[in-house]
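**Q** Could you work out the structure for the sequence below:
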Amino acid sequence: MTKNRIGSIFFLAFSSFYFFNVFSIKKMPGSQFEVMTASTFPFYIGLAGIIISTILLILTFVNKDEDSISMSYLKSLDFKTTALFIVAMIFYGFTIRTLGFIIATIIFLGIGFIILKERNVKRIFLISVGVSIGFYLILNNLLGVYIDPGMLVEYFTGGEAWWKVFFKG
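**A** So this is what the prediction gives:
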């Protein structure tokens with residue numbers, strides 16, 4: 001089996017899983033007649049992923065290049081970096097509600113830069129802070145997408161009782 005065929009099969013499986021989960025996205029009451037809902041963009045992303053991966057899979061059967069995967073190729077892949085990024089993404093998913101979008105994204109991007117062996121602390125800090133605050137401002141102010149500030153921010157601003165930060169009860 002070739003690298004392109006394995007990649008397109010993996011991408012097709014991922015896109016199909018993503019596409020079928022789009023239908024479980026809850027819509028706001030009264031939004032059934034709106035042009036754009038919470039599931040519009042994910043629907044088209046999943047559909048495009050399925051179409052593109054199917055085309056790539058068909059092309060791997062049409063082009064008969066015998067570029068099969070060897071053990072030396074598999075040994076050359078950096079699975080450690082991939083695993084570290086997966087752990088960082090899981091950490092980001094668990095902390096975004098508590099820390100809030102901006103703080104969790106700054107930490108996630110900083111960890112990502114460190115995983116990619118960037119050692120300039122000033123560059124890591126400036127890019128992480130700039131991207132997360134800029135993206136937050138674009139989403140919140142320009143596009144009108146509400147992003148929850150997080151339980152930590154609500155705790156310090158008095159938006160929620162202190163015990164709700166630590167206990168969900």
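
**Q** so D148 touches I102, yeah?
**A** No: proximity of D148 to I102 does not meet the contact threshold set by CB atoms under 8 Å, at 11.0 Å. (C-beta placed from N, C-alpha, C; glycine too.)

**Q** By average pLDDT, which secondary structure element in the chain comes out worst?
**A** Ranking every helix and strand in the chain by mean pLDDT, DSSP states H and E puts helix 162-166 at the bottom, with a mean of 49.

**Q** Tell me how many other residues surround I6.
**A** I6 is flanked by 12 other residues according to other CB atoms under 10 Å.

**Q** what's it sitting at in phi/psi?
**A** Torsion angles at I6 (phi, psi; degrees, to the nearest 10) stand at phi -60, psi -40.

**Q** any idea how far it lies from L56?
**A** 11 Å (CB to CB, to the nearest Å).

**Q** More neighbours: which of D148 and I102?
**A** More neighbours surround I102 than the other of D148 and I102, with 19 against 11 (other CB under 10 Å).

**Q** Distance of the closest residue in space to G100 that isn't next to it in sequence relative to R97?
**A** Distances taken as CB to CB, 6 or more residues apart in numbering place G150 nearest to G100, at 2.4 Å, with adjacent residues excluded. Using CB to CB, we find G150 at a distance of 7 Å from R97.

**Q** These two - which one has more neighbours?
**A** Taking neighbours as other CB under 10 Å, G150 and R97 compare with G150 leading, 20 against 13.

**Q** I'd say the more buried one and T105 touch.
**A** No: the pair G150 / T105 is not scored as a contact, 10.7 Å apart, by CB under 8 Å.

**Q** Overlap in contacts, the two.
**A** Counting by CB atoms under 8 Å, 6 or more residues apart in numbering, the common neighbours of G150 and T105 are I96.

**Q** Show the contacting residues for the residue lying closest to G112 once chain neighbours are set aside.
**A** Excluding its sequence neighbours, the residue lying closest to G112 (CB to CB, 6+ apart) is A88, at 6.2 Å. Neighbouring residues of A88 by CB under 8 Å, 6+ apart: 108, 111-112, 115.
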